[in-house]
Structure formats: structure tokens, C-alpha cells
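Q: Need coordinates for the following:
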Amino acid sequence: MNNLKSFLIAAAMFTAVQASAQTDKETTIKLVEAKNLVFNATTAYPLASVDINAILSKMPGGQSGSAIQLSGSRYQLKIDKESIDSDLPYYGRAYTATRDPNESGIKFKSKDFAYTTEKKKKGNYVITIKPKDAKDVQSMTLNVTLNGYATLNVNSTNRQPITFYGYIAESPKQGELSK
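A: Residues are numbered from 1 along each chain as shown. This next block holds a predicted model:
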């Protein structure tokens, strides 16, 4: 039920911000079809929002609500034809703990993965990624609008699902920093 709530919030945000597009239609189509893009996460929607709110409300400057703003950070999912590089945070309930605190987010590099793209009626895309060599991630579903806005749903083996809202951009050239 909370996952549905998060999806509806993300859908409402898509509708509210249509006026300022991140990319134009042609660029979005080019990036998705070339399998060469970067998803920049701006907001996280954890499934365990009640637990997260209890923790965040006790922190100085803590947030409340089910959305966690990721401003000022570079949380990304980089996709190209040959690899996936995920550097995303995780908020929610994990069923097994990691020994290394540096691995607490959704961080992995994969060269063995299934990638499918489906074009929807209004031109939006649904990209499904199933990494075969990532320890915890079962699947990632990226819903992309023609304006470049995107929602990423991550399903894990040992964690509750989490949803991210953000936008796609062109992958930086070799040696460039991503925007």
C-alpha cells in the first residue's frame, strides 16, 4: 500500500513539473534507445516511511513526510550498453545487515545484466534492469517521461523496496564529471 502511495506522489510530481522539462523529446528518445544515460536521483521515497519519519524527526533539521530530498548530493544510476554503475542511498528496513558501512546504499557495478525497454502509449518508456552479478538487487524499473523526468523502483532480496524520483541526462564523456 505504501509503495502505491509513493508511486501516486511521484505521478503527481510529474504532473506538477511538466512546465520545466529536463530534456527535450528527441534527446530523451536518443538516450533511451542508445542505452546510454544517467539517472540523477533528487528524491527518495522509502517504503518504511513511518520508521524513517521517527528517526528523521529526532535529527537536527530533520524532515518529515515520506519523501527524503537528496539535494546537494550526486546519487546516480549510470547505464550504458556494457555496464551499470549504481551509487544510490538506501532508506528503509534491511533484513540483513552489511558488515561494511560503505556498502549500506544501493552501490554496485554490473557487467552482466538483462535490459529491456518498453515504449508506452503516450511515448513514455519503461526500462527494466535485472543485474545478475549484484548481491542484493533483484530488479530496477525506470519509468521515463518524454521530458526526461524519471521514477526508479528498486526491488532487493534483503531490503524493502524503495522508489527514487529524478531525471535522466546524457552520460558524460570519458574524463568529464557528470552534471
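Q: quick one: strands adjacent to the strand ranked longest in the chain?
A: Determined from DSSP state E, the single longest strand within the chain is strand 37-46. Using DSSP bridges, strand 37-46 pairs in its sheet with strand 68-69 (antiparallel), strand 76-79 (antiparallel), strand 162-169 (antiparallel).
Q: Export it to PDB, keeping only CA atoms.
A: The C-alpha atoms that make up strand 37-46 are tabulated as PDB, following Å, rounded to 0.1, in the frame of the first residue of the first chain:
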ATOM      1  CA  LEU A  37      22.100   7.600 -19.900                       C
ATOM      2  CA  VAL A  38      22.400   8.700 -16.300                       C
ATOM      3  CA  PHE A  39      19.500   8.800 -13.800                       C
ATOM      4  CA  ASN A  40      20.100  11.600 -11.300                       C
ATOM      5  CA  ALA A  41      18.100  10.900  -8.100                       C
ATOM      6  CA  THR A  42      16.600  14.000  -6.400                       C
ATOM      7  CA  THR A  43      14.100  12.500  -4.000                       C
ATOM      8  CA  ALA A  44      13.900   9.100  -2.300                       C
ATOM      9  CA  TYR A  45      10.600   7.500  -1.200                       C
ATOM     10  CA  PRO A  46      11.300   4.700   1.300                       C
END
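Q: Export the strands paired with strand 37-46 as TSV, with columns for mean pLDDT, distance to E118 and mean neighbour count.
A: For the C-beta atoms, the positions are set from N, CA and C on the backbone; glycine is no exception. Shown next, in TSV, are those (pLDDT from 0 to 100; distance: least, CB to CB, whole Å; neighbours: other CB atoms under 10 Å):
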stretch	mean pLDDT	distance to E118	mean neighbour count
strand 68-69	84	29	14
strand 76-79	95	15	22
strand 162-169	94	16	24
